[in-house]
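> below: sequence and its predicted model.
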Amino acid sequence: MEIKTKNTLMVKYLNNSGDKTIRVIYETKKMHKQYKKFIKKSKKYLVHFDSTDKLLVGDTLLIQFTRPISKNKSYKYLKTVKKVQS
């Protein structure tokens with residue numbers, strides 16, 4: 001499977017949101033132009049999860065943009081990059 005870098009995101013797993021759907025959070029840091037302090041921004045996405053992998057809250061995942069699967073789902077799960085120690 002070839003992974004295109006411009007269509008993928010590294011995100012953190014939050015929880016299950018239904019059958020074959022997971023909720024993830026994408027966090028970015030950006031410097032304020034005037035005050036030169038870093039500002040955290042985050043965005044939550046619903047992701048299509050059609051795999052048998054076991055996920056824990058905080059796992060780092062790789063997701064890919066795809067055609068709209070439903071009203072709110074436009075990403076699919078590719079793989080787990082980093083597991084959280086339980």
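That came in fine, so what should we check first? Numbering: from 1, shown residues only.

> quick one: average confidence on the helix or strand hosting residue 46?
For residue 46, the host element (DSSP states H and E) is strand 38-48. Confidence over strand 38-48 (mean pLDDT, whole number) is 96.

> so in that sheet, which strands flank that strand, and in what orientation?
Strand 38-48 has the following strand partners under DSSP bridges: strand 21-31 (antiparallel), strand 73-82 (parallel).

> show me the shaky parts of this protein.
Within the chain, the segments meeting pLDDT under 70 span 1-5.

> among the strands paired with strand 38-48, which is the most enclosed?
strand 73-82 (a mean of 16; mean count of other Cβ atoms under 10 Å). Using the backbone N, CA and C atoms, a C-beta is placed for each residue, glycine as well.

> could you export the strand holding residue 46 as CSV, CA atoms only?
These are the backbone C-alpha positions of strand 38-48, laid out as CSV (Å, rounded to 0.1, in the frame of the first residue of the first chain):
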residue,chain,number,x,y,z
PHE,A,38,2.8,29.1,20.8
ILE,A,39,-0.9,28.5,20.5
LYS,A,40,-2.4,25.0,20.5
LYS,A,41,-5.2,24.2,18.1
SER,A,42,-7.0,20.9,17.8
LYS,A,43,-9.6,19.5,15.5
LYS,A,44,-11.6,16.3,15.9
TYR,A,45,-12.3,13.9,13.0
LEU,A,46,-14.5,10.8,12.6
VAL,A,47,-12.5,8.1,10.9
HIS,A,48,-13.6,4.9,9.2
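
> so after it, what's the next helix or strand?
Taking DSSP H and E, what comes next after strand 38-48 is strand 60-65.

> give me the contact list for that next one.
3-4, 7-13, 24, 45, 47, 55, 74-82 (Cβ atoms under 8 Å, 6 or more residues apart in numbering).

> which SSE is the residue nearest the centre of the chain in?
With distances taken as Cα atoms, centre = their mean, the residue of the chain nearest its centroid is residue 11 (3.3 Å). Secondary structure assigned from DSSP H and E places residue 11 in strand 8-18.

> if anything else comes up later, I'll come back, but that's it for now.
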